[in-house]
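Student: no sequence for this one, just the structure:
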């Protein structure tokens, strides 16, 4: 099935309160996707972000981001008032997220909501607590202990808590019971709202592509709860950490700093932790992108304490054994492999054996020779997903305007377009991606809007100024839906669900005076 979609993080949705979330605007966005004939909404990880605000460094691989909880829904439920939310300083720029204000001022609102909620019937929350007992109690304890320890990382706590001594944890559960309940309630609201939003997307024929970071953050509930899963020493310090070696883009490489898995231990358990993680993700998403797929074949280990990634080494990962375990034990999940970067023959073999579609990125295609594997004429199989760029790349307009003369000449020659504006070149690159043989095509929203570097989502290896861009309501126009819908139909990617809805709207007497979705 040929299909297409749009990449837009939840945080980038419009909203009244400083950051995108599970609000009415999210439902409007799904309607826009359907109107423009799309099948997919691709998002970034939904996890509880920590220092640096990166969704790839969350406090938990399972817990959701408290910032995404809809304050409008809490107002509707009588847990907050509109005046309380309007008076909170959550950021005033509709085009960017102010994470500092979110951190400082959203939690007091959520605590007010919790204080009112806990006086009501708790049967729904109690059922959720029992259902998520394998992770929620320890996660909530982890967050309560962080609050108690002035937000310090768990490996800086007093030894009884750092090493999870049973007597100390039991004492903490009693002392911090209310804080534990608060953090658990946030997760209850998060999951309730997300499941409702996802059900609406399903009804509209929109499938969610989620993103699964390969690694966990060192300061995470996962590392604190299950240190045996990772390469830690006796003092619970990492022996080595994750990164990638020096390359064309970085002479020092990238030092991510995540703890590395003890794959021998995972193998002994039948990859139980991974299976549980994937099963939970299968509830959240219809399709899952495995970030840094190469790390399952070989992972790059940098000795703990190094300042750069220059002195690392490659070590064997779990390979196809883990992929088979997932296939055998998790039903109903489709996987996309993020196979970007320097890819070895063994990674190609793993990708081929898994059957997962890999990724093609047009921004990587130009400036070299005609044999570049990212050029559309070199796609060997439809079993791939083509992007103009990802969240880590420049926006398409930034890429085009800042490209070297050689690269610009290559783009224009490849497209046979010599008199276009940069914006028109972007449109033609999108068209090239949509017309490719790739079974799926995903376009970042910024590229449809012709936005430049001011809308770049992330610049790897930098801290600050990332993950901030937001869509505004006035950018979702009928004209834009017409443009996206036209290129989607021409390329044979128009959603079947959108077609059926259009026919229903056209034939129904009740809706005969309404305009059908543009195509």
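Tutor: Everything's here; your move. What you see is a predicted model, and the numbers here were worked out from it, not measured in a lab. Numbers count the residues shown, from 1 in each chain.
Student: What number of residues are in the vicinity of the nearest residue to residue 299 once chain neighbours are set aside?
Tutor: Nearest in space to residue 299, with sequence neighbours left out and distances taken as CB to CB, 6 or more residues apart in numbering, is residue 317 at 5.2 Å. C-beta coordinates here come from the backbone N, C-alpha and C atoms, glycine included. For residue 317, the tally of surrounding residues (other CB atoms under 10 Å) stands at 21.
Student: before we move on, what about residue 461?
Tutor: Residue 461 has 15 nearby residues by other CB under 10 Å.
Student: Next: residue 374.
Tutor: Neighbour number of residue 374 under other CB under 10 Å is 18.
Student: Can you list phi and psi of it for me?
Tutor: Main-chain dihedrals, residue 374, degrees, to the nearest 10: phi -90, psi -10.
Student: what do you get for residue 226?
Tutor: Per degrees, to the nearest 10, the backbone of residue 226 is at phi -130, psi 60.
Student: what's near enough to touch it?
Tutor: residue 273 (CB atoms under 8 Å, 6 or more residues apart in numbering).
Student: how about a cut-off of 10 Å?
Tutor: Shown in contact with residue 226 (CB atoms under 10 Å, 6 or more residues apart in numbering): 138, 164, 216, 220, 265, 273.
Student: any idea how far it lies from residue 403?
Tutor: 45 Å (CB to CB, to the nearest Å).
Student: can you check residue 297 too?
Tutor: Distance from residue 297 to residue 403, by CB to CB: 32 Å.
Student: Just confirm residue 8 contacts residue 206, I think it does.
Tutor: No: under the criterion of CB atoms under 10 Å, residue 8 is not in contact with residue 206, lying 11.8 Å apart.
Student: what sits in contact with each of these two?
Tutor: By CB under 10 Å, 6+ apart, the residues touching both residue 8 and residue 206 are 29, 33, 41.
Student: Now distance to residue 354, secondary structure and neighbour count too, for those residues, in TSV please.
Tutor: Shown next, in TSV, are those (distance: CB to CB, whole Å; DSSP: H, G, I helix; E, B strand; the rest coil; neighbours: other CB atoms under 10 Å):
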residue	distance to residue 354	secondary structure	neighbour count
29	31	helix	26
33	28	helix	25
41	24	strand	25
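Student: Okay, the one residue sitting closest to the centre of the chain and residue 65: tell me how far apart.
Tutor: Nearest to the geometric centre of the chain sits residue 44, at 1.5 Å (CA atoms, centre = their mean). Look at residue 44 and residue 65: by CB to CB, they are 10 Å apart.
Student: Return every residue with contacts to both of those two.
Tutor: 10, 11, 55.
Student: Among the residues you listed, which one is most surrounded by other residues?
Tutor: Ranked by neighbour count (other CB under 10 Å), these have residue 11 at the top, with 27 neighbours.
Student: For that residue, list the residues it contacts.
Tutor: Residue 11 is in contact with 18-21, 43-44, 46, 49, 53, 55, 65, 67-68, 97, 99, 102, 457, 467-470, counting by CB under 10 Å, 6+ apart.
Student: Sort out for me which of those are in strands.
Tutor: Among the contacts of residue 11, none falls in strands (DSSP state E).
Student: those helices in the stretch 51-200 of the chain, which residues are they?
Tutor: According to DSSP state H, counting those that start in this stretch, the stretch 51-200 of the chain carries its helices in the segments 71-76, 82-87, 99-117, 123-131, 136-148, 159-162, 166-175, 177-203.
Student: looking at those, which is buried most?
Tutor: helix 136-148 (a mean of 21; mean count of other CB atoms under 10 Å).
Student: on contacts alone, who are the packing partners of it?
Tutor: Packing partners of helix 136-148 (3 or more CB pairs under 10 Å, 6 or more residues apart in numbering; DSSP states H and E): helix 123-131, helix 159-162, helix 166-175, helix 177-203, helix 221-225.
Student: Let me know which of those helices is the nearest to residue 147.
Tutor: In terms of CB to CB, the element of the helices and strands packed on helix 136-148 nearest to residue 147 is helix 177-203, at 5.9 Å.
Student: And the closest one, how far out from the chain middle?
Tutor: Its chain's average C-alpha position is 17 Å from that of helix 177-203, according to CA atoms, centre = their mean, to the nearest Å.
Student: And the next helix or strand past that helix?
Tutor: strand 207-212 (DSSP states H and E).
Student: pLDDT of that next one, averaged?
Tutor: The average pLDDT for strand 207-212 rounds to 98.
Student: now stretch 400-417
Tutor: Here the average pLDDT along stretch 400-417 is 96.
Student: got the buried residues for it?
Tutor: Within stretch 400-417, the residues scored as buried using 16 or more other CB atoms under 10 Å are 400, 401, 403, 407, 408, 410, 411, 412, 414, 415.
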